[in-house]
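>>> would you be able to build a 3D model of this:
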Amino acid sequence: MPAEKNLRGVLRSEIDRSLSKDNITIVDSLNNIKGYRYELWCLARAAGIRYCVIYCDTEEKCCREWNNKRAESVESSYNTKIFDDLVRRFERPDRRNRWDYPLFELFPSRDTVEQSSPVISDAVSYLTRKVDSKRRDVRILQPTIATQNVRTAEANSLYELDKAAQEVINAFLEAQSQALGGSSGKISIGQKFPTINVERRVGLPELGSLRRTFLKLTGQASLSGPPPPTDADAAKRMFVDYLNREMGWEPTI
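I've put the predicted structure just below:
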């Protein structure tokens, strides 16, 4: 079992390096565990490519006969213990699962499978046909936030943004505490930034919640656009503008 797990990890890494929109990657392996097929589907989704499953549906009796014939020849085969274990742990693909869809089924023990078999032709056509806005029969997986690799530059940018936002909060609280009553007036966090018209006292918990939401939204936006600014002044201005917008404050220069 540990060797099998390690082998699947090596195979997954090779697949990840091979995926691109310019070629077709065929994973000719057992892929008998649905959790592993889900991992392969996630790799395809992260790459933004098409994906399908070709399933050779064969009766256990036929598989056992074929394996015995291989044992009688010079070809390698599974011993009985491993063969029975594979049969027991095999999880059939189900087209209702998104990681098994679309599913193209072959029946080698019943039909003659050739290169020109209709099912194979359909699978090749699905992977190669031209896609336009009018076609709905081809699904290209779209990356999501969960499948995106965070770039080092982005991680550093978000760290700097978090640091700048915290400095704005500290300056805001200090200026607010120095104001008479701390409930109204114009608060300035520096000559380079807009002043903030405060109509009520704002506590640290509320500002902290706004900071976390701001960082989350900025991180999501950076996946589809340029990374957030690393310049401290630009980052502080972004957070001040966000506060003005979210709290309904009207900024003044």
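
>>> residue 240 touches residue 190, doesn't it?
No - assessed by C-beta atoms under 8 Å, residue 240 is found out of contact with residue 190, at 9.5 Å. For every residue, glycine as well, the C-beta is placed using N, CA and C.

>>> out of the two, which sits in the busier spot?
residue 240 (23 against 15; other C-beta atoms under 10 Å).

>>> in which helix or strand does that one reside?
Following DSSP states H and E, one finds residue 240 within helix 232-247.

>>> got the buried residues for that helix?
Buried residues in helix 232-247, defined by neighbour count with 16 or more other C-beta atoms under 10 Å: 235-240, 242-244, 247.

>>> just stretch 166-182 next, same as before
167-169, 171-173, 175-176, 182.

>>> cool, stretch 49-58 as well?
49-55.

>>> check which helices and strands the host helix or strand of residue 9 sits against.
Assessed by DSSP H and E, residue 9 sits inside helix 2-18. The contact analysis (3 or more C-beta pairs under 8 Å, 6 or more residues apart in numbering; DSSP states H and E) places helix 2-18 against helix 34-47.

>>> okay, now the sheet partners of whichever helix or strand comes after the helix it packs on, with direction.
Counting by DSSP H and E, the next helix or strand C-terminal to helix 34-47 is strand 53-56. Looking at strand 53-56 with DSSP bridges, its partner strands are strand 103-106 (parallel).

>>> let me see the mean pLDDT of the longest helix anywhere in the chain.
For the chain, the helix with the greatest residue count under DSSP state H is helix 152-178. Throughout helix 152-178, pLDDT has a mean value of 78.

>>> next: stretch 99-117.
87.

>>> repeat that for stretch 1-18.
When pLDDT is averaged over stretch 1-18, the result is 90.

>>> distance from the chain centre to that stretch, please.
The gap between where stretch 1-18 is centred and where its chain is centred comes out at 19 Å by C-alpha atoms, centre = their mean, to the nearest Å.

>>> buried residues in it?
Buried residues in stretch 1-18, counted by 16+ other C-beta under 10 Å: 8, 11-12, 15.

>>> next, count neighbours for the residue lying closest to residue 169 once chain neighbours are set aside.
Sequence neighbours aside, residue 207 is the residue nearest to residue 169 in space, at 4.8 Å (criterion: C-beta to C-beta, 6 or more residues apart in numbering). Using other C-beta under 10 Å, the number of residues around residue 207 comes to 20.
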